[in-house]
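[1] Just a sequence and a predicted model for now, questions to come.
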Amino acid sequence: MKAVQIPGKGKPLELVEMMLPDPGPGQVRVKIEACGVCHGDTMAIEGRHPLLQYPRIPGHEVIGTIDKVGADVSQWHLGQRVGIGWSGGQRRITGLTYDGGYAEYMLAFADAMAEVPKELTPTEAAPLTCAGITTFSAIRSSKARPGDVVAILGIGGLGHLAIQYARAFGLFPVAISRGKEKEALSRKLGSVAYIDSDERKPGDALRELGDVQMILATAPNSALIGDAIRGLAVDGELIVVSGSDEHIPVSPGVLLNGRRTVRGWTSRDPNDLKKTLDFSAKFGIRPMVELFSLDQASIAFNRMLDAEVRFRAVFTVN
Ligand SMILES: NC(=O)c1ccc[n+]([C@@H]2O[C@H](COP(=O)([O-])OP(=O)(O)OC[C@H]3O[C@@H](n4cnc5c(N)ncnc54)[C@H](OP(=O)(O)O)[C@@H]3O)[C@@H](O)[C@H]2O)c1
Ligand SMILES: [Zn+2]
């Protein structure tokens, strides 16, 4: 099979041919149809996990059909279309501690997959398995209620889905992005207002809007996140899903005067994947995708890093 792998820490992606893997106990083999490019894939290149070994095939937004079933697997059968996200179950991470979806086939764990609803095509479903599940579950976990104003900081793979989920949950989302370029598309996706963070400090602009109950931070920029916290309403919360090494600068006064909360989020409920796919299918939530082939992996990856993609790069395979 063809696969794109990372040969070693910090090394560029390379297209290789390798033997088709055979499923072991508790596994199925998936013939991959689509795989999204998530910012989280940078962790595999940067060597950010103690259990990461090279070469490693990245990719954790995978959709495909079951092509071979491991000896002891009874709950899945040949031909079923499944989705595989970041969690491979039992502390495994797809594309990081075991090989992921930048390939024609992968081995997946039977206890960490969800069936894909018929309404979703593979390229629509792929980004939902990480960008979708993360934003869907983060907003579900928040205190914001229908009718509340919320803000989405960073309009990329996660952010553009977050706008849509917020709208579907009855919230009024405000998009915060660098420059004006993403304004029209953000509004089309459902945002009720747009803040250009190159032009205005998000904290000031959000204060002016008033009554912002929740901010979902998807931009990996701690300075921007720290500033945005000032724009929260009293008792509002900022939920961080983006990863960054920089500390978030926030003064105790900003937290205590407004009784504001800052917390992180990652999906930990194994049922979230199915819920995300089903909700998206029924409520018309679809990612906007740019399609690539496997041999264009580096191009797709760099477009993501430069925030050029509108809004998720997806490989189509097979
Ligand atoms: N918590 C979880 O479980 C989880 C799951 C998936 C991903 N993540 C993390 O979530 C973050 C977003 O992932 P993604 O796949 O949506 O990434 P993405 O597609 O690259 O989008 C991130 C967006 O953040 C903004 N941004 C990027 N770099 C920035 C910078 N240096 N300064 C300010 N803004 C910047 C850009 O938005 P604008 O162009 O609009 O400014 C960009 O489109 C990443 O850190 C990723 O690792 C976390
Ligand atoms: Zn991801």
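    Alright, I've got the coordinates. Ligands and ions are numbered 1, 2, ... in the order given.
[2] which ones are touching Lys143?
    Going by Cβ atoms under 8 Å, 6 or more residues apart in numbering, Lys143 touches 213-214, 235, 237. Every residue, glycine included, has its C-beta placed from N, CA and C.
[3] what does Trp265 give?
    So Trp265 contacts 134, 137-138, 141, 239-241 (Cβ under 8 Å, 6+ apart).
[4] same thing but at 10 Å, please
    Trp265 is in contact with 134-135, 137-139, 141-142, 216-217, 239-241, counting by Cβ atoms under 10 Å, 6 or more residues apart in numbering.
[5] Buried among those residues? Need that as a selection in PyMOL.
    Filtering these down to the buried ones (16 or more other Cβ atoms under 10 Å) takes a single PyMOL command:
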select buried, resi 134+135+137+138+139+142+216+217+239+240+241
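[6] ok, the contacts of Trp265 vs ligand 2, which is closest?
    Among these, Thr134 lies closest to ligand 2 (Cβ to the ion), at 6.9 Å.
[7] would you say the closest one is within a helix?
    Yes. Assigned with DSSP: H, G, I helix; E, B strand; the rest coil, Thr134 falls within a helix.
[8] still on that earlier bit, out of the contacts of Trp265, which are close to ligand 1?
    Near ligand 1, judged by Cβ under 6 Å from any ligand atom, the entries from the contacts of Trp265 are 134, 241.
[9] farthest pair in the contacts of Trp265?
    Ser137 and Ala217 (15.1 Å; Cβ to Cβ).
[10] Nearest to ligand 1: which residue in this protein?
    Of all residues in the chain, Gly156 sits closest to ligand 1, at 1.9 Å by Cβ to the nearest ligand atom.
[11] Take the contacts of Lys143 and write them to a markdown table, including neighbour count and secondary structure.
    Output for the contacts of Lys143, formatted as a markdown table (neighbours: other Cβ atoms under 10 Å; DSSP: H, G, I helix; E, B strand; the rest coil):
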| residue | neighbour count | secondary structure |
| --- | --- | --- |
| Gln213 | 21 | strand |
| Met214 | 26 | strand |
| Asp235 | 11 | strand |
| Glu237 | 21 | strand |
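[12] In those residues, find the pair that's most separated.
    Met214 and Asp235 (10.3 Å).
[13] Count the neighbours of Glu290 for me.
    Around Glu290 there are 16 other residues, counting by other Cβ atoms under 10 Å.
[14] Check Asp204 and give its pLDDT.
    For Asp204, the model assigns a pLDDT of 98.
[15] was I right about Pro127 contacting Val289?
    Yes. Using Cβ atoms under 10 Å, Pro127 is in contact with Val289, at 6.6 Å.
[16] So for the two, which sits in the more crowded spot?
    More neighbours surround Pro127 than the other of Pro127 and Val289, with 30 against 22 (other Cβ under 10 Å).
[17] From Ala223, how far out is the more buried one?
    Distance of Pro127 to Ala223, computed by Cβ to Cβ, to the nearest Å: 27 Å.
[18] could you pull out the strands for the stretch 1-150 of the chain?
    Assigned strands in the stretch 1-150 of the chain, in chain order: 2-5, 14-17, 27-36, 62-69, 81-84, 105-109, 114-115, 149-153 (criterion: DSSP state E, counting those that start in this stretch).
[19] Now the contacts of Lys143 in CSV, please, with extra columns for pLDDT and distance to ligand 2.
    Listed next are the contacts of Lys143 as CSV, based on pLDDT from 0 to 100; distance: Cβ to the ion, whole Å:
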residue, pLDDT, distance to ligand 2
Gln213, 98, 26
Met214, 98, 21
Asp235, 98, 30
Glu237, 98, 22
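[20] okay, now the domains of the chain?
    As given by automatic domain parsing, the domain ranges for the chain are 2-120+286-316, 131-264.
[21] now the end-to-end length of the last one.
    By that I understand domain 131-264. Counting by Cα to Cα, to the nearest Å, you get 15 Å between the two ends of domain 131-264.
[22] got it, and the longest one?
    As for domain 2-120+286-316, its first-to-last residue distance stands at 13 Å under the measure Cα to Cα.
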